[in-house]
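Participant: 3D model of this:
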Amino acid sequence: MTMPSSDDAKLLALLNRHPGLKSRVQALADIVEDSDGDLARADEAERRVIEEVRRLGQEALQGWAEAQIARVGEQAASEPQVRRAGKKNSAGTPPSAPSP
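Facilitator: Numbering: from 1, shown residues only. Presented below is the predicted three-dimensional model:
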């Protein structure tokens, strides 16, 4: 048995930080190894792989979006001139003086 490389360790650490991705990769590996023993036909295996890859993509984009939201929130909090969205307190522009 070979020792895990640093790339293997990095991948495992990444998957542990994103449990949804980890479960999708595990599901793909289960399909490849036919863990359940119910994949006798290539078309069924293909259907399952497509379904899992679609779910993996959704999970990846969800993780990306959550990271972006956190990153933007941190940037906004660190910049005091940035104002959060909220109700305006202005009553509007005052009317101009009447013409003579």
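Participant: give me every residue that touches the most centrally placed residue in the chain.
Facilitator: Nearest residue to the geometric centre of the chain (CA atoms, centre = their mean): Gly63, 1.7 Å. Neighbouring residues of Gly63 by CB atoms under 8 Å, 6 or more residues apart in numbering: His18, Gly20, Leu21. Quick note: C-beta positions are derived from backbone N, CA and C, even for glycine.
Participant: Make sure the last one is actually in contact with Leu15.
Facilitator: To tie it back to what came earlier, the one meant is Leu21. Yes: checked against CB atoms under 8 Å, the pair Leu21 and Leu15 is within contact range at 5.9 Å.
Participant: which of the residues in the lengthiest helix in the chain are buried?
Facilitator: Secondary structure of the chain per DSSP state H: the longest helix is helix 42-78. Going by neighbour count (16 or more other CB atoms under 10 Å), the buried part of helix 42-78 is Arg48, Glu52, Leu56, Glu59.
Participant: Which residues does stretch 2-16 contact?
Facilitator: Leu21, Lys22, Val25.
Participant: Please work out the average pLDDT along stretch 90-100.
Facilitator: For stretch 90-100, mean pLDDT is 76.
Participant: ok, now stretch 64-81?
Facilitator: pLDDT averaged over stretch 64-81 gives 86.
Participant: quick one: Gly37 from Ile31, how far?
Facilitator: Taking CB to CB, to the nearest Å as the measure, Gly37 and Ile31 are separated by 12 Å.
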